[in-house]
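Peer 1: Quick one: sequence and predicted model below, then my questions.
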Amino acid sequence: MADSVLAPTSAAAAIAAPRHSALVRVTHWVTTVAFLALLVTGVEILISHPRFYWGETGNVNTAPLFRIPIPASRPTVPTGYGYVLPDQNGWSRYLHFQSAWAAVLTGLVYVVFGFISGHFRRNLIEPGEVAYNPIQRLTYLLVVFFLFPMVIWTGLAMSPAIASAFPWSVTMLGGQQSARTLHFFDTVLLVLFLLVHVVKVYFAGFRKRVGAMIVGGR
């Protein structure tokens, strides 16, 4: 009798429970906005010097490890083009740093919540009745615990203040120019993840999935 009474209640609770908690939804969208701002401003910063090096130093007189075949926004950077793009380096660096701190703080809140609430254990680590398959869980764990920390680390390592206060953080990456190169490749991987993520959401039911991430519905 007790089981028959409790069963409907448990089922109703499961149906009523939101697919994503409020904190997960908020951190998801704040991170999304911050990442898009970082991407746009990062491209503007890249245009000012579309050459990459390895080691501690690198400049126009140094042979690059590789270069992006685009015109630069600075006439002193040799690109092979006969013109330069408008220089937007000032505002883009300012917004890049502001967006980076927004992403870092939001990420810290998400990670702390994930451990305390059991979100990572239930949805990304332990197998069970979750919407994520093993490849998805592994990918999300890689993004949350490797790619995002690495893009933050490499970004900070390019700061002269961080390099001065914590020189080991730069040395471990091979130097400031190495940090910039690793930062670029890490960003490329995050962009690929974003594109695949959006495609999967589209095929899984775009309106339903996005709605669940906005209002928490199932």
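Peer 2: Nice, thanks for sending it over.
Peer 1: going forward, measure contacts between C-alpha atoms and count neighbours the same way
Peer 2: OK.
Peer 1: Can you give me the buried ones in the strand or helix carrying residue 139?
Peer 2: Using DSSP states H and E, residue 139 sits in helix 134-142. For helix 134-142, a neighbour-count test (16 or more other C-alpha atoms under 10 Å) marks 137, 140 as buried.
Peer 1: which residues of this structure score low on pLDDT?
Peer 2: Within the chain, the ranges that satisfy pLDDT under 70 run 1-19, 127-131, 217-218.
Peer 1: which element is the residue positioned nearest the centre of it on?
Peer 2: Nearest residue to the geometric centre of the chain (C-alpha atoms, centre = their mean): residue 148, 5.0 Å. According to DSSP H and E, residue 148 maps onto helix 148-157.
Peer 1: Can you give the distance from the helix holding residue 139 to the centre of its chain?
Peer 2: 15 Å (C-alpha atoms, centre = their mean, to the nearest Å).
Peer 1: and what of stretch 40-51?
Peer 2: With C-alpha atoms, centre = their mean, you get 17 Å for stretch 40-51.
Peer 1: mind listing what's buried in it?
Peer 2: 41-42, 44-51.
Peer 1: What's the separation between residue 36 and residue 204?
Peer 2: The gap separating residue 36 from residue 204 is 23 Å, by C-alpha to C-alpha, to the nearest Å.
Peer 1: Ok, residue 87 next?
Peer 2: From residue 87 to residue 204 the distance is 41 Å (C-alpha to C-alpha).
Peer 1: Who has more neighbours out of these two?
Peer 2: The neighbour comparison of residue 87 against residue 204 (other C-alpha atoms under 10 Å) goes to residue 87, with 16 against 11.
Peer 1: show me the contacts for the more buried one.
Peer 2: Taking C-alpha atoms under 8 Å, 6 or more residues apart in numbering, we find residue 87 in contact with 48, 73-74.
Peer 1: and it, what helix or strand is that in?
Peer 2: Here residue 87 is assigned to no helix or strand, by DSSP H and E.
Peer 1: Then the one 5 residues further on?
Peer 2: In this structure, residue 92 sits in helix 89-117 according to DSSP H and E.
Peer 1: For the helix or strand following that helix, which outside residues touch it?
Peer 2: In the C-terminal direction, the helix or strand that comes right after helix 89-117 (DSSP H and E) is helix 119-120. Helix 119-120 has contacts (C-alpha under 8 Å, 6+ apart) with 113-114.
Peer 1: picking that back up, now, which of the contacts of residue 87 sits nearest residue 173?
Peer 2: Closest to residue 173 out of these is residue 48 (22.8 Å), distances taken as C-alpha to C-alpha.
Peer 1: Which phi and psi values does the closest residue to that closest one other than its chain neighbours adopt?
Peer 2: Once flanking residues are discounted, residue 48 sits nearest to residue 73: 4.7 Å by C-alpha to C-alpha, 6 or more residues apart in numbering. Recorded main-chain torsions at residue 73 are phi -100, psi 10, according to degrees, to the nearest 10.
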